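[1] Turn this into a model:
(2 chains)
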Amino acid sequence: MDEAIMSVDRTTSERRLSTLVRHLGGVSCSSCSPTHSSSSENARISRAPMAAFGSVFASVVQAPEDPILGVTVAYNKDPSPAKVNLGVGAYRTEEGKPLVLNVVRKAEQSLINDPSRFKEYLPITGLGEFNKLSAKLIFGADSLAIQENRVATVQCLSGTGSLRVGGEFLAKHYHERSIYIPVPTWGNHPKVFMMAGLKPMTYRYYNPSTRGLDVQGLVEDLSAAPEGSIVLLHACAHNPTGCDPTPEQWEQIRQLIRSRSLLPFFDSAYQGFASGSLDKDAFAVRLFVADGGELLMAQSYAKNMGLYGERVGALSIVCKSADVAGKVESQLKLVIRPMYSNPPLHGASIVATILRSPELYHEWTVELKAMADRIITMRQGLFDALHARGTPGDWSHIIKQIGMFTFTGLNKEQVAFMTREYHIYMTSDGRISMAGLNKKNLPQLADAIHAAVTTM
Amino acid sequence: MASLVFSSTSASPVALRGRPKLAIGVAQPQSGAGHVSVRGKDRKARPFITRAVAVGKKVSRFDDVAMAPPDPILGVSEAFRACTNELKLNLGVGAYRTEDLQPYVLNVVKKAEKLMLEKGDNKEYLPIEGLAAFNKATAELLLGADNRAIQSQRVATVQGLSGTGSLRLAAAFINRYCPNSKVLISSPTWGNHKNIFNDAGVPWSEYGYYDPKTVGLDFEGMIADIKAAPSGSFILLHGCAHNPTGIDPTPEQWTKIADVLEEKGHTPFFDVAYQGFASGSLDEDAHAVRLFVERGFEVFVAQSYSKNLGLYSERIGAINVVCSSSDVANRVKSQLKRLARPMYSNPPVHGARIVANVVGDPNLFSEWKAEMEEMAGRIKSVRKRLYDNLSQKDKSGKDWSFILKQIGMFSFTGLNTSQSGNMTNKWHVYMTKDGRISLAGLSLAKCEYLADAIIDSYHNVN
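    Modelled structure (predicted):
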């Protein structure tokens, strides 16, 4: 009975009546004696007129599912045994299973069996050793910026957390609010920066007709951006297109950015995962650091160490001087403290354990290369399969693109068709996660693409 | 319009603030990657502006960034670590210590972690709202497994980054959905509360709470301030073991507080960081929250497992919103997810699994309750010893019994800023300058020394 009362939106007169009744005599509902109350409470049991002054939730509507993570939600709901999840970028083995790297299990074992370890709060900036090793990983051990103590590094919650903390820092301390993000980009980017207090703007990036980089558009748009604007750059394996600038194009971009005093903000979620080489995938970042300029760098270990759910990442800000870096770090703490106080220990400890040990580090690079290689194999496989089926169109972008994702070029309707008829789950922008492919489901995907392209 | 950056190697960053920003620079030669041209004599401030700005060696976009002060609470531990005096005592941050003043990892946590290792779970992303088993366990722990609000699915629970992260999600929600509402926080309260609401863009004001004359609750002041607040305000209440004072309302006072909130249409917003840690009993410490839920309020509750499960660094907690219907709860949960996604996407799995394993296994759960009773018990015995020492040593006749009446990890000593400073400077006792000491960091062995320090600071310093 109480549930019925509470679940119905009460009219004003109902509320007033119940308030009156309560004040006059105290209504004691026999069916609602609480299990934990004292006798004084029982005598007083009354219902607060629910939302007598307007519910705080009156304006709350059901939010749609997140477009990327929502794909997995939809996939899970599908009862078909033939379903294929090519939505979120999480690596799968050839058997279609999630993978915990051997080196990660080893590291975890040593941590959990170590009796001298505690669970005390980390500093606001996170695990110090992790921060140093992470900076070295992305900037290079011989990086001048590191040697000169010009890098402020703080542990954050994976890539997302690093982007958010960096964004909030810039909104508080930088004179430009505009952040230029490529079109297209990871679906969460604009939301992260908007919530951080920045103003997302766009620059052209992907050319649908060439299925490659729109260099001219990029140069035009960044040349027109106000001096000092922030520019988001994908360090490698651009998400969702898989189209990366060549080394020469990177140099061109660097010069343009530096000549206009634009502030680069790198998102590095796939270091080592793109080409299989950690150093090669850090080329663009290191190019920018080498010119002595400043930049922000959001680093994630979700994919390259398979630590998705542990939320491990780092934000580095390369500054002009050690003095500035010190002050920047102190201000980053003021952003972090009211957000979550200090970051989680477990994932960062695993990373530090691996990065500090030459043996484990080497093992990691081998496992990382194996993951990257399997994806490259799938790319070739899909390209060959479409070629074999005579699917109309040029599908060479599948093998030209880099990293976990392929921007197929399929449109929303074709994607919906593939989901409906072939139980292929992917984001509606035509992006597929190659990591979710294997020899078993690849033919099904090829069939689906073929059908979508020829039917629609 | 070019945006401009001013810097000079001779000017200090402080001097720069407020000055108009001018661009300095010379066009950089198109050198190959890695070559940096030295700007040499161009580094001094020049009155003209160049169009092609190459960022010179010493010009930083962040030159105006000031050095932030250390966090008033976490900074105490930093200072303690830097101190070399052997008598030093860390009574700053609320992290439990054993009698040997060592950090403590609960046995059930070690067992749970070993279990998890054996199980070999994967490390896939959690859903945005967190681990389902954890969310179920945490709501039941808070409200009771047979709670009707839970059974009718009226509770929206989202895993959050311990207490701070859960409060922040709730604050972001309030900012978005109740833009005309403000939050009332106790005076004093945990130092980070105001920062959280500031960064979330939620206006706040204070309600009276601490009475320095009685070193107790200023109940009249509290009620008056809550009554005076605009209808529909959010009232931030500490579920138990008020931080920093250790002063909790009595059950009768809680009932009266509920009356006032009801009268004004306010929404209770509980911060529950010490469930089980205050009295030693999980159920007893949840009394206030359960009272409000039973009374039919819409309630926000932020939970933390930092202290009661010793999972400080794993950042595990939850935001619970008790709603008027399951439909509302679904909508609220969906919007909380929408706030979490651009903050960190999804929460960390490790701590959530530990809690789910401990709470989900009857043996581990019993063991946990026993360990929690032990921790709470040690703190009570330390309170008693400190009180005894103070009463014996202080010849002034001052009544120190408030130490026994206060509850939880902290004690509000009544020392002011200078007196607290004396505690640190003269006695090497590290504490926050509001006079708060963490009894969790105190051993029976050190009570006498602490008593001496408190007596000296109280009587000899103004």
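[2] Strands along the stretch 201-350 of chain B, start to end?
    Assigned by DSSP state E, counting those that start in this stretch, the strands in the stretch 201-350 of chain B fall at B:204-208, B:210-211, B:216-217, B:234-238, B:267-272, B:299-304, B:317-322.
[3] tell me the angle of the fourth one relative to strand B:299-304?
    With axes from the mean of the first three to the mean of the last three CA atoms, to 10 degrees defining the directions, strand B:234-238 sits at 40 degrees from strand B:299-304.
[4] What strands line up against strand B:234-238, and which way round?
    Sheet pairing of strand B:234-238 (DSSP bridges) gives strand B:183-187 (parallel), strand B:267-272 (parallel).
[5] got it, and the second one?
    Based on DSSP bridges, the strands next to strand B:210-211 in the sheet, each with its direction, are strand B:216-217 (antiparallel).
[6] could you give the mean pLDDT of the strand it pairs with?
    The average pLDDT for strand B:216-217 rounds to 94.
[7] Need the residues that contact it.
    Under the criterion CB atoms under 8 Å, 6 or more residues apart in numbering or on different chains, residues B:209-211, B:247-249, B:253, B:402, B:405 lie in contact with strand B:216-217. Yep, even glycine has a C-beta here, placed from its N, CA and C like the rest.
[8] Can you tell me, leaving aside adjacent residues, what's nearest to residue A:198?
    residue A:179 (4.7 Å; CB to CB, 6 or more residues apart in numbering or on different chains).
[9] strand partners of whatever helix or strand the one you found lives in, parallel vs antiparallel please.
    Following DSSP states H and E, one finds residue A:179 within strand A:178-183. Applying DSSP bridges, strand A:178-183 is found paired with strand A:199-204 (parallel), strand A:230-234 (parallel).
[10] just the helices in the stretch 251-400 of chain B please.
    For the stretch 251-400 of chain B, the helices defined by DSSP state H, counting those that start in this stretch cover B:251-264, B:282-285, B:287-294, B:326-344, B:349-360, B:362-393.
[11] any chance of these in CSV, with mean neighbour count and mean pLDDT too?
    Listed next are those as CSV, based on neighbours: other CB atoms under 10 Å in any protein chain shown; pLDDT from 0 to 100:
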stretch, mean neighbour count, mean pLDDT
helix B:251-264, 17, 97
helix B:282-285, 18, 96
helix B:287-294, 23, 98
helix B:326-344, 22, 96
helix B:349-360, 24, 97
helix B:362-393, 17, 96
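[12] now the ones you listed in a markdown table, with distance to chain A?
    What follows is those, written out as a markdown table (distance: least, CB to the nearest CB, whole Å):
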| stretch | distance to chain A |
| --- | --- |
| helix B:251-264 | 4 |
| helix B:282-285 | 7 |
| helix B:287-294 | 5 |
| helix B:326-344 | 4 |
| helix B:349-360 | 4 |
| helix B:362-393 | 14 |
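[13] Now distance to residue B:101 too, for those helices, in TSV please.
    Formatted as TSV, these follow (distance: least, CB to CB, whole Å):
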stretch	distance to residue B:101
helix B:251-264	35
helix B:282-285	25
helix B:287-294	32
helix B:326-344	34
helix B:349-360	24
helix B:362-393	11
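[14] Tell me which of those lies nearest to residue A:283.
    helix B:326-344 (28.2 Å; CB to CB).
[15] Relative to chain B, how far out is residue A:327?
    5 Å (CB to the nearest CB, to the nearest Å).
[16] Need the CA coordinates for the helix or strand following the strand holding residue A:179. CSV is fine.
    Going down the chain from strand A:178-183, the next helix or strand is helix A:189-196, by DSSP H and E. Extracted in CSV, the C-alpha atoms of helix A:189-196 (Å, rounded to 0.1, in the frame of the first residue of the first chain):
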residue,chain,number,x,y,z
HIS,A,189,35.7,13.8,-26.4
PRO,A,190,33.3,16.7,-26.8
LYS,A,191,31.4,15.8,-23.6
VAL,A,192,34.6,15.5,-21.6
PHE,A,193,35.8,18.9,-22.6
MET,A,194,32.4,20.6,-22.3
MET,A,195,32.0,19.3,-18.8
ALA,A,196,35.5,20.5,-18.0
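[17] Mind listing what's buried along helix A:189-196?
    If you call a residue buried by 16 or more other CB atoms under 10 Å in any protein chain shown, then helix A:189-196 has these buried ones: A:189-193, A:195-196.
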